[in-house]
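K.L.:
okay, structure incoming, though there's no sequence with it:
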């Protein structure tokens, strides 16, 4: 029999058993056949599918994105156009996050240069001048931060 138990699939793919079960639960992997003793048995092609999932994750794609891609492929449709669209959206999101991180980096550098007054002791609502003197600003993500 060419089918394999989950432990063998885990070793061959480098994906933990718990993760394989989760991927099955969320629909990234088809439900496997079961033995009379209810053990999962997978076809060898599952290893390649798990490799594909890991490669897609390495490009920053989320499991929901990967599921859409796999669903298209499973229906015999070429997912390449959809993949390009998803990667472009992901790149835009990463560029926004990088810009946010640069802003935070500049604010932290400014805050560490200004330092704390000598012998400051918290009193009233003043907890720490380094933080208290920071303005509340809206970041490019649209959420208020301190």
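P.N.:
Thanks, I have it. Bear in mind the structure is a predicted one, so any value in this text is a computation, not a measurement. Numbers count the residues shown, from 1 in each chain.

K.L.:
how does the protein divide into domains?
P.N.:
4-77, 84-115+125-141 (automatic domain parsing).

K.L.:
dihedrals phi and psi, the residue nearest the centre of the chain?
P.N.:
The residue lying closest to the centre of the chain (Cα atoms, centre = their mean) is residue 62, at 5.5 Å. Reported as degrees, to the nearest 10, the phi and psi values for residue 62 are phi -90, psi 160.

K.L.:
let's have the chain start at 9 instead
P.N.:
Got it, the first residue is 9 from now on, which makes the last one we talked about residue 70.

K.L.:
contacting residues around it?
P.N.:
Residues near residue 70 by Cβ atoms under 8 Å, 6 or more residues apart in numbering: none. Just so you know, the C-beta spots here come from the backbone N, C-alpha and C atoms, and that holds for glycine as well.

K.L.:
returning to that earlier point: redo the domains of the chain as JSON lines? Include mean pLDDT.
P.N.:
Shown next, in JSON lines, are these (pLDDT from 0 to 100):
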{"stretch": "domain 12-85", "mean pLDDT": "95"}
{"stretch": "domain 92-123+133-149", "mean pLDDT": "86"}
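
K.L.:
and among those domains, the most buried is which?
P.N.:
Among the domains of the chain, domain 12-85 has the highest mean neighbour count (mean count of other Cβ atoms under 10 Å), at a mean of 15.

K.L.:
residue 97 belongs to a strand, doesn't it?
P.N.:
No: read with DSSP: H, G, I helix; E, B strand; the rest coil, residue 97 is helix and lies in no strand.

K.L.:
distance check, the residue of the chain most remote from its centre against residue 137.
P.N.:
In the chain, the residue that sits farthest from the middle, by Cα atoms, centre = their mean, is residue 127; the gap is 43.9 Å. According to Cβ to Cβ, to the nearest Å, residue 127 and residue 137 sit 12 Å apart.

K.L.:
same deal with residue 115?
P.N.:
Counting by Cβ to Cβ - residue 115 and residue 137 are separated by 15 Å.
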